[in-house]
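> dropping the sequence and predicted coords here.
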Amino acid sequence: MPTIVKLFSPQETSQHDTREDCWIIVDGKVYDVTEYLDDHPGGDDIIVSVAGKDATEEFEDAGHSKTARELMKSFCVGEVDPSPPPPPPEPQVNSGGTTSVFSQLLLSWRPAVPPQQLWVVAAAVAVAGVTVAAGLLYSRRK
Ligand code: HEM
C-alpha cells in the first residue's frame, strides 16, 4: 500500500516557530521537535533558533551521528510541498459585453491632473463659464 505523505507549504511550516510549537525542515522533510527540545543533547535553544525554518545547514554543520539521524525519523510529520504558491487571484471581470467594458473603463479612469491641482482646473472652468455668460448677456443687451 502506498504511503500517504503529508505536504506542508514553507509558509505553513513557518507558523510553528515557538518553543511550545516547534517545527523544523531538514532536507525537505518537516519535523515536529517540540517534545524533543528538552532531551536534545545540543540544547533546546539551538533548535528554537531555527524553529519554523529550514535547518538543513545547521543540522549538517553539527555533524549529527547515525543514531541522531535514526532518532529524528520519529519526529517527521511530512514533507515540504514542492509546488509553487498559487498566484494571486485575478481581478473580477463581468461575464462580458459592453457593460463590463464600460465598468472596466470607469474603474481604470484616473484624472490626468493630480488631485491637489484639481481646484485650479475647477477655478479656470468657473472663470471661463462666468466670462461666457457675461459675454452672452452683454451681446443680448445690445
Ligand atoms: C530532529 C532533529 C534533531 C535530532 C533528533 C537531534 C539529535 C541530536 C543528538 C542525538 C545529538 C548528540 C550527538 C549525536 O548523536 O550526533 C545532537 C547533538 C547536537 N545537535 Fe542535534 N538533533 C536535531 C536537530 C538539531 C538542529 C536543528 C541543530 C542546529 C540548529 C542541532 C544541533 C546540535 C548540536 C550543535 C549538537 C552537538 C552538541 C554537543 O556535542 O555539544 N540539532 N543532536
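Thanks, I have the structure now.
> tell me which element the spatially most central residue of the chain is part of?
Computing the C-alpha centroid of the chain and ranking residues by C-alpha atoms, centre = their mean puts residue 88 first, at 8.5 Å. No secondary structure element spans residue 88, as it lies outside all helices and strands (assigned by DSSP states H and E).
> could you shift the numbering so residue one becomes 34, and keep it that way?
Yes, from this point I'll number from 34; that puts the last item at residue 121.
> separation between it and the ligand?
Applying C-beta to the nearest ligand atom, to the nearest Å, one obtains 33 Å for the distance of residue 121 from the ligand. Backbone N, C-alpha and C define where each C-beta goes, glycine included.
> what's the pLDDT at that residue?
Residue 121 carries a pLDDT score of 85 in this model.
> the residue of the chain found nearest the ligand - nearest residue in space that isn't next to it in sequence?
With C-beta to the nearest ligand atom as the measure, the residue in the chain that lies nearest the ligand is residue 75; the distance is 2.8 Å. If the residues on either side of it in the chain are set aside, residue 75 comes closest to residue 95, at 6.2 Å by C-beta to C-beta, 6 or more residues apart in numbering.
> correct me, but that neighbour touches residue 76?
No: taking C-beta atoms under 8 Å as the definition, residue 95 is not a contact partner of residue 76, at 10.9 Å.
> around the ligand, which positions in the protein sit nearby?
Contacts of the chain with the ligand, taken as C-beta under 6 Å from any ligand atom, map to 57, 64, 66, 73-75, 79-80, 83, 88, 91-92, 95, 97-98, 100-101, 104-105, 108.
> which among those residues end up buried?
Neighbour-count burial (16 or more other C-beta atoms under 10 Å) is assigned, among the residues of the chain next to the ligand, to 57, 64, 66, 80, 83, 88, 91, 92, 105, 108.
> farthest pair in the residues you listed?
Within these, 91 and 108 form the most distant pair, 15.6 Å apart (C-beta to C-beta).
> show me which helix runs longest in this structure.
helix 151-174 (DSSP state H).
> quick one: average confidence on that one?
The predicted model gives helix 151-174 an average pLDDT of 80.
> how far out from the middle of the chain is that helix?
52 Å (C-alpha atoms, centre = their mean, to the nearest Å).
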